[in-house]
Structures are given as structure tokens and as C-alpha cells.
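> My questions concern the predicted model and sequence given below.
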Amino acid sequence: MPHALNDPVIAWYADHARDLPWRTPDASAWAVMVSEFMLQQTPVSRVLPMYEAWLTRWPTPTALADDEPGEAVRAWGRLGYPRRALRLHGAATAIRDRHKGEVPDDHEKLLALPGVGEYTAAAVASFAFRQRHAVLDTNVRRVLARTVDGTEYPPQSTTAAERRTATDAMPLADETAATWAVAVMELGALVCTARTPRCADCPVAAMCAWRLAGKPAYAGPPRRGQTYAGTDRQVRGKLLAVLREAHGPVPQARLDAVWDEPVQRARALDGLVADGLVEPVADGVYRLPTGAPVSS
DNA sequence: TACCCGTGGCG
DNA sequence: TCGCCAAGGGT
């Protein structure tokens, strides 16, 4: 028996879906994968220009794999979480070397790629290859928490119960399940939003457990804030910005200028090197990674 | 598991 | 104003 949410959500999507470039029929699996990496924790509006630039420059996984990882980091710009750029380059390299340059259509093989976790593997398999997978991102989890579970927000980390709920809500046929996956995600992004849900515009408001219960306030544990100012993350961001904008090796002094606390600055730089985002090229000289073996 | 990892816009 | 939030992954 189909889930009661399916038809109204799919019909709503047909009328309200945003016209996003990675959803067009000619978008390749690689294009879908690039979009998914960029969209991890990053709003669509900021992804759009970077996505276009990347697909133009690196239209296939092999094209990216044949370029330096540092170029991927540079082209990532200010999207944030630059390790994603490195992992996307690593995924492209694995696709070139292990999959003949073709994005694998198998969930397990996708999951084995760097930077591809449970969500991204399911998303690529569903969106690009039209397979049936539970695609559980923050939007879908929130929609199901509200409509099915009657709570304002899902738990902090994905639970087995959520997976069960998501699987139960999935249409049986592959193609329909794939449409459902993108539709319920879009509903979460546009209507069933985190802060101010637009229940008046929701196609399933009449059957939403949370709304029917009077929208009880979130009662779970407090969600940890993401403080930023003064953290290592901010310092890393400033250091990497210098390296991105400089086309070539950068002397230590240029890096020292972005943060005056030396202990934290050194820790942040060491972290970037450990993550492979920065390469020491000589004593006190650094650059974005070339992909060449590190010389001692 | 809890925590770390960027960046910017919005209510 | 400033905390919250944004298509997560790795360890």
C-alpha cells in the first residue's frame, strides 16, 4: 500500500520544483555528484555559480582527476569546508582509476568513494540513476519528524527508527521512489523549513502529526551552536584564503599576517597540512597541494 | 558518539 | 544584533 504522503508530495513537486541545473535531463551523474558535494552544508544560492564553473572546467571525473588537487581547492572558492574539494578530487581520481572514468551506479561502490557518505551515495543513486534508496538529508528528516513522528525536529543524529520511517514512506517502484526522494527533500527546503514552516502552503498539512498536535515546541536536548569567531576553523579559513588567492608558493610571513596568536596559528597551519589542504614546499614556504608525493 | 571541519545570510 | 541554519563526512 502506498504511503499517504506520496501522491500529494509528488503532485506538489510537479508544480513547485525549482529549476536547478543538476536536475535537468541532460545533467550527467558526474554533474549530480558535483552538486551533492557542494550542497553538503551549503545553501543552493551559493552553490549555483560554483557548480557552473566546475562543470565547465571539469566536465568529467577524469578531467578533474588529471588536474592538481590544489586547483580543486582553489576553484572551491569561499564555499566553505574545503576538504570537500579535496575529497571530490579524490573521488574523481578513484572513478578514473577504478571505474573507467564512469561514476558507478552502485550504492556500495559510491559509498567507497572519498567524501561520499550514506546520504550522498543514496542521492546520486537516486537522482542520477533513478534507483530506490532512502535519501535522508536534513530536509527529509525534518519533514518526516513532523508529518509522521509529530516532533518539530529530528534527533541530532540519524537513528534506526528514522531509517525505518523513511523506508516505509518510500514508493515501491524505482522511478517513483526517485521522484519521491527529490520531492520530499524539496518540500523540506521550500515549505517545511526549520524556523518558520509555511504550513498554509503545505500539501500534507491536513495529515501532519506535528501540526495536528498543535505544533508542540521542540523538547529534545539543546542543539549545539556552531561558534566560529576565534576558533581554529576561522584561522584555517584565513590561512587558506591567502593560499587560494596567491597563484604559487607563499612565504610564511604572508600567512603569519592573518592571525596574531602564534600558537593557534601554528596549530591551524599544521592541521591544514595534515589534512592535505596545504603542502610545505621548503622551509617556511607553503602552497596548495600538487598531488605529487611529499618530499622529505 | 561527540566533535571537528567554513562561510555567509537571514529573522 | 547575533544565534541559527544550510542537500554531511570522517574520525
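That came through fine. What you see is a predicted model, and the numbers here were worked out from it, not measured in a lab.

> Now do the helix or strand containing residue A:32: which elements does it pack against?
Counting by DSSP states H and E, the element that carries residue A:32 is helix A:29-39. Helices and strands touching helix A:29-39, by 3 or more C-beta pairs under 8 Å, 6 or more residues apart in numbering; DSSP states H and E, are helix A:44-57, helix A:83-98, helix A:118-127. For every residue, glycine as well, the C-beta is placed using N, CA and C.

> Run a quick neighbour tally on the closest residue to residue A:34 other than its chain neighbours.
Leaving aside its sequence neighbours, residue A:34 sits nearest to residue A:54 (C-beta to C-beta, 6 or more residues apart in numbering; 5.6 Å). The number of residues packed near residue A:54 is 23, by other C-beta atoms under 10 Å.

> shouldn't residue A:54 be in contact with residue A:71?
No: applying C-beta atoms under 8 Å, one finds residue A:54 not in contact with residue A:71, separated by 10.7 Å.

> Strands along chain A, start to end?
A:250-251, A:279-282, A:285-287 (DSSP state E).

> Of all the ones you listed, which one is nearest DNA strand C?
Nearest to DNA strand C, of all the strands of chain A, is strand A:279-282, at 17.8 Å by C-beta to the nearest atom of the strand.

> in its sheet, what does that closest one sit against?
Strand A:279-282 has its sheet partners listed here by DSSP bridges as strand A:285-287 (antiparallel).

> And the contacts of the partner strand?
Contacts to strand A:285-287, defined as C-beta atoms under 8 Å, 6 or more residues apart in numbering, come from residues A:70, A:243, A:248-252, A:255, A:269, A:273, A:278-281.

> Among the residues you listed, which has the minimum pLDDT value?
Ranked by pLDDT, the contacts of strand A:285-287 bottom out at residue A:248, which has 91.

> Count the neighbours of that one for me.
Neighbours of residue A:248 (other C-beta under 10 Å): 9.

> May I have the phi/psi pair for it?
With angles defined as degrees, to the nearest 10, residue A:248 sits at phi 140, psi 180.

> now the closest residue to it other than its chain neighbours: how far from residue A:198?
What sits nearest to residue A:248 in space, not counting adjacent residues and going by C-beta to C-beta, 6+ apart, is residue A:287, at 6.7 Å. Residue A:287 sits 48 Å away from residue A:198, going by C-beta to C-beta, to the nearest Å.

> Residue A:272 now?
Note on residue A:272: its distance to residue A:198, by C-beta to C-beta, is 41 Å.

> related to what we said a few turns ago, whichever of the contacts of strand A:285-287 end up buried, select them in ChimeraX.
Selection of the buried residues among the contacts of strand A:285-287 in ChimeraX, burial being defined by 16 or more other C-beta atoms under 10 Å:
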select /A:70,243,250,255,269,278,279
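
> circling back to that earlier point, do you know how far the residue nearest to residue A:248 is from residue A:68?
The value you get for residue A:287 to residue A:68, if C-beta to C-beta is used, is 10 Å.

> same check, this time on residue A:285
17 Å.

> residues in the stretch 51-200 of chain A within reach of DNA strand B, list them.
Within reach of DNA strand B by C-beta under 7 Å from any atom of the strand, the stretch 51-200 of chain A has these residues: A:78, A:79, A:80, A:81, A:82, A:83, A:156, A:157, A:195, A:196.
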